[in-house]
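[1] mind looking at a prediction? Sequence and model below.
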Amino acid sequence: MAPSAVTTTETTYNFHTKFEAAPHLDLHGVSSPKGLVGDALKNRVENIDHETCEAGEEDAFFVADLGDVYRQHMRWKLNLPRVKPFYAVKCNPDPEIVRLLAELGTGFDCASKAEIEQILKMGVDPARIIYAQPCKTKSYVRYAADSGVKKMTFDNTDELYKIKKFFPDAELFLRIITDDTSSLCRFSMKFGASLDTTVELLTLAKELGLNVVGVSFHVGSGAGDPLAFLKAVRDARTVMDQAATQGFSLKTVDVGGGFSGENFEAMAAVLREALDEYIPAHVAVIAEPGRYYVSSAFTLACNIIARRTVVNPDTAENSYMVYLNDGVYGNFSSIMFDHQNPIAQVLRAGDVSLHGTTAAQSAPGGTEYSIFGPTCDGIDHITKSIRFEQTLDVGDWLYFEDMGAYTKCSATRFNGFTDAHEVIYVSSEPGAKALMGMK
C-alpha cells in the first residue's frame, strides 16, 4: 500500500491572506475529532494483510488532525491576544504542521541552521523567525546573517563578541534566567543570564555597538506553575529598565514556551495580568509555544510483532510481554527525553476494531501486559504494567494518543529500525481544510 504522507518541504506558499479569509471555528461544520481519527486508523490497519504485505507496510504510523492544531491557535488568540506565537520547530518539525502554522500567521522559533532553512524554504519571511539559541555555532550565525534572520538571543559575553564579529546588525534579545522548578524539562541550568549579570551584558553590548531590542525568558518546557510567568515578567521589566539606562529602548518581550493544553487558560490568565501590569502597551510580546500546538494532534498506532507468555507460579495466572514495532529509540523517545507516560489503548484485537470504545481502555481486572519496543536493548520498555479485557496476540494493534510533542523529532535509527513513519493527515476543522486545500 502506498504511503499517504505528504511531502511539502520544497514548496513555496503564500501566507499573507489565507488565514483571514478562512472560516474561524465553524462548530456546526466540525467533524468529530475522535471519530475522524478513529476512521483513519481503522482504514489503515484494515488494509494490511500481515501474511502477504511487503516489509515495512505494517510499520507504526501516525494520524495527525490538523483541525486540532487550528483550534489550539484559535484558543491562543482568544486567551493571549497580545502575544504573537513563534512555534518552537524543535518540538515537531512535521512539514504539514509547519505549513499550517505559517498559513495561520505564526512566527517560528528556530535553534539551528537546519530549522531556519526548513522555514525559509517554505517562503516564510525571515522577520518571522527568531534564532532562539543563546549559544550558537559561528557558521550558523553567518548563515543567519546571510539569510536575513536578524532576531537572536544571547546570555553571555562570549556570545556578544561572536555576534559582533559575524552579525553586528543582529537584533538581540537578552535571555534571563527564570524559576523553572515546576517544569517537565528545565532549561535554567543551561541557559539564561542571572539578574546580577544583566547590567554587565548590556554595558558590553553598548560598547560593542550592538542592537539589543528585547528581553526573553523560558519558564521550562511543560511548565506546571502558572505563577512562574509572573516573576519572569517582573524580572523582564527590571531588565528593560536597566537597558534604558544604557540607551537601549527594548521593543519586544519574548515570554518563551512552557505552555501546555492542560492548564493553558490558568497560565494565560496569569501571563495576561503580568503583562498588563509590568509591560507597557507599546511593547510587542512574542512567545515560543511548542507542545501546546501539537501534542494532542497526533495519534500513534503500533503493531504487536511478538508475544511471550509469563506464568505466575503462585497464582498460575498468565500475563504477557508484548513487543511493538516502535519503542523508546523511536517515537516513544518522549519517555526518555520528555518525561512522558504514553497510555496504550487497543485499536484492533483479532478482527474487531475498538478505537474510542470502553473496551479499548485499560481494565483493572483484565489480563496483565508489559509493553516493550522492538530493539535488542532492555531499556526499550514502554509500559511496565497495564491490563486489558482482551487477550492480545501477534498482529493486533495498539494506539497512543497525545503523541505529537518530542516524539518523531527525536526518533533514531538505532538497531536498523526506521525513524521515518508514515503520517496520515486529516482535519476535523473546516478552517484548517480551507487553509491547506484539503477535500
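    Structure received. Keep in mind it's a predicted model, so treat the numbers as computed, not measured.

[2] could I get the full set of helices for the protein?
    Along the chain, counting by DSSP state H, helices occupy 18-21, 33-46, 66-79, 95-104, 113-121, 138-147, 157-166, 198-207, 227-245, 264-278, 291-294, 333-337, 430-436.

[3] any idea of the mean pLDDT in the strand ranked longest in the chain?
    If you go by DSSP state E, the chain has its longest strand at strand 298-311. Strand 298-311 comes out with an average pLDDT of 95.

[4] neighbouring strands of that strand in the sheet, and parallel or not?
    strand 61-65 (antiparallel), strand 318-324 (antiparallel), strand 397-400 (antiparallel) (DSSP bridges).

[5] which of those has the highest mean neighbour count?
    Neighbour counts (mean count of other C-beta atoms under 10 Å) averaged over each of the strands paired with strand 298-311 peak at strand 397-400, with a mean of 27. Bear in mind the C-beta positions are built from the backbone N, C-alpha and C, glycine included.

[6] one step back: among the helices of the chain, show me which one is buried the most.
    Comparing the helices of the chain by mean count of other C-beta under 10 Å gives helix 291-294 as most buried, with a mean of 28.

[7] so where's the stretch 251-400 of the chain uncertain?
    Scanning the stretch 251-400 of the chain with the threshold set as pLDDT under 70 gives no residue ranges.

[8] could you redo the last one with a cut-off of 90?
    Where the stretch 251-400 of the chain drops to pLDDT under 90, the residues are 258, 260-263, 266-267, 311-318, 327-330, 333-340, 365, 373, 375-380, 390.

[9] before we move on, what about the stretch 51-200 of the chain?
    For the stretch 51-200 of the chain, counting by pLDDT under 90, the residues that fall below are 51-58, 177-192.

[10] picking that back up, got the strands paired with strand 298-311 as a markdown table, with distance to E207 columns?
    Formatted as a markdown table, these follow (distance: least, C-beta to C-beta, whole Å):
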| stretch | distance to E207 |
| --- | --- |
| strand 61-65 | 49 |
| strand 318-324 | 57 |
| strand 397-400 | 53 |
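
[11] minimum distance to D235: which of those has it?
    Taking C-beta to C-beta, strand 61-65 is the member of the strands paired with strand 298-311 nearest to D235, at 37.1 Å.

[12] report the angle between the closest one and helix 95-104.
    10 degrees (axes from the mean of the first three to the mean of the last three C-alpha atoms, to 10 degrees).

[13] list of residues touching strand 61-65?
    33, 36-37, 40-41, 44, 94, 96-97, 297-301, 331, 403-404, 408, 421-428 (C-beta atoms under 8 Å, 6 or more residues apart in numbering).

[14] residues near G247, how many?
    9 (other C-beta atoms under 10 Å).

[15] over to it: give its phi and psi.
    According to degrees, to the nearest 10, the main-chain angles of G247 amount to phi 90, psi 10.

[16] list the contacts of it.
    By C-beta under 8 Å, 6+ apart, the contact set of G247 is K206.

[17] can you give me the pLDDT of it?
    pLDDT, G247: 95.

[18] use 339 as the first number for this chain going forward.
    Okay, residue one is now 339; in that scheme the one you just asked about reads as G585.

[19] pretty sure L533 contacts R575?
    No - applying C-beta atoms under 8 Å as the test, L533 and R575 come out as separate, 11.4 Å apart.

[20] quick check: chain neighbours aside, which residue is closest to A749?
    The shortest distance from A749 to any non-neighbouring residue, by C-beta to C-beta, 6 or more residues apart in numbering, is to D757 (4.0 Å).

[21] actually I501, not the one I wrote
    Leaving out its chain neighbours, I501 is closest to A508 (C-beta to C-beta, 6+ apart), at 5.5 Å.

[22] returning to what we had before: any idea how far the longest strand of the chain is from the chain center?
    26 Å (C-alpha atoms, centre = their mean, to the nearest Å).

[23] please apply the same query to stretch 623-639.
    4 Å.

[24] can you give me the end-to-end span of it?
    38 Å (C-alpha to C-alpha, to the nearest Å).

[25] same deal with stretch 440-458?
    11 Å.
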